[in-house]
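Chemist: Predicted model and sequence below, questions to follow.
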Amino acid sequence: MAVIFAFVAYLVPQKIPLEYYPLNNPSSGLQYLEITCASNVNGEAQFYLDFGRGMNELEKIRLPIGPSEMAFTYTFPLQDAPLVGLRLDPFMGGAGELTITSFRIINRREEELCRFTKDSMVGLHEVAEVVPLDKGWKLVMKPGASDPYAFVQLARPLVPEGMNERNLKRCVLSTGYLAMMLCILLLAVYFALRLFTSWRGIVRACVFLAFISLLFAVAGNRGLIKNSQFYAKKAHRIAVQAAKTQAFVP
């Protein structure tokens, strides 16, 4: 019965994956989005990220921004997942100008993995023009714009180096930590109620409660586990597609 209940719980969707024990020592393969920009109005820039499931509200970055003549640099950590699409919403709505002097993807060693330029801004919506500058470019919104945005063209999908190893460690550490916490709670109740009759009974109960804890720890971490599997498959498909493309290049 415990296996059945845990299996059913595992199948229940989990929109926001829970990580009970984060990875304390991630490698340098983690990716970051870095932008240096300035605005002439109060607003909020948003970055919609596509990690293989399309662009959605749960996987976006929000950047409140105010008028300034000086450009500031903002750095945001990205999910440990293949980045296949990116969209920039300069403002929530209304007229305004967003000046960008630098826009790129880097890793923890601050090595540049991908740099975006004026020509990377494609599929403009309610953006009047993209004005080239000596250092960077400027996005000018149309008057009365309600949802301006620009897709950012990626030369290729960006797969973080060492992603699968880190995600596996996250799953093991987080699930193990949750299982240990559940087991401690169940054992505390078991001994508090004095349900044991002999040492053999205590051993059997401890093994059973540890098994129950592990089952429901896996169910509790189902979002993290499913995402790790999905990202691993996505990265594999990207690698296969890249190999096929290179094979056809003369």
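Modeler: Perfect, thanks for sending it. Numbering: from 1, shown residues only.
Chemist: For the rest of this, base every contact and every neighbour count on C-alpha atoms.
Modeler: Noted.
Chemist: Mind checking the pLDDT average for whichever strand in the chain runs longest?
Modeler: Across the chain, the strand with the greatest residue count (assigned by DSSP state E) is strand 97-107. Average pLDDT, strand 97-107: 96.
Chemist: quick one: strands adjacent to the host helix or strand of L88?
Modeler: L88 belongs to strand 85-89 when elements are defined using DSSP states H and E. Partner strands and pairing direction for strand 85-89 (DSSP bridges) are strand 43-50 (antiparallel), strand 149-152 (antiparallel).
Chemist: give the contact list for A150.
Modeler: Counting by Cα atoms under 8 Å, 6 or more residues apart in numbering, A150 makes contact with R87, L88, D89, M121, V122, G123, L124, H125, V127.
Chemist: again, only this time at 10 Å
Modeler: 47, 86-90, 120-127, 139 (Cα atoms under 10 Å, 6 or more residues apart in numbering).
Chemist: Over to P77?
Modeler: L30, Q31, Y32, L33, E34, I61, I105, I106, N107, R108.
Chemist: ok, C114 to G52 distance?
Modeler: 18 Å (Cα to Cα, to the nearest Å).
Chemist: Which one of the strands paired with strand 85-89 lies nearest to P160?
Modeler: strand 43-50 (14.1 Å; Cα to Cα).
Chemist: gap between the closest one and the chain center?
Modeler: 14 Å (Cα atoms, centre = their mean, to the nearest Å).
Chemist: And the helix or strand that that strand is followed by, what does it pack against?
Modeler: Using DSSP H and E, the helix or strand that follows strand 43-50 in sequence is strand 60-65. Judged by 3 or more Cα pairs under 10 Å, 6 or more residues apart in numbering; DSSP states H and E, strand 60-65 is in contact with strand 31-39, strand 43-50, strand 72-77, strand 85-89.
Chemist: Could you rank the contacts of A150 by neighbour count and give me the top one?
Modeler: P90 (26 neighbours; other Cα atoms under 10 Å).
Chemist: Find the nearest non-adjacent residue to it, please.
Modeler: Spatial nearest neighbour of P90, excluding adjacent residues (Cα to Cα, 6 or more residues apart in numbering): A45 at 4.6 Å.
Chemist: same question, S120
Modeler: Q153 (4.9 Å).
Chemist: before we move on, what about R170?
Modeler: Per Cα to Cα, 6+ apart, closest to R170 is L23, 5.8 Å.
Chemist: any idea whether that neighbour is helix, strand or coil?
Modeler: The local conformation at L23, judged by DSSP: H, G, I helix; E, B strand; the rest coil, is coil.
Chemist: How many residues are close by it?
Modeler: L23 has 15 nearby residues by other Cα under 10 Å.
Chemist: isn't it right next to S174, touching?
Modeler: Yes: L23 sits in contact with S174 when judged by Cα atoms under 10 Å, with a separation of 8.5 Å.
Chemist: okay, and the helix or strand of this protein with the least pLDDT?
Modeler: Least confident helix or strand, the chain: helix 222-248 with a mean of 90, by mean pLDDT, DSSP states H and E.
Chemist: elements contacting that helix?
Modeler: Using 3+ Cα pairs under 10 Å, 6+ apart: helix 222-248 touches helix 2-11, helix 163-192, helix 199-220.
Chemist: same thing but at 6 Å, please
Modeler: Using 3 or more Cα pairs under 6 Å, 6 or more residues apart in numbering; DSSP states H and E as the contact test, no helix or strand touches helix 222-248.
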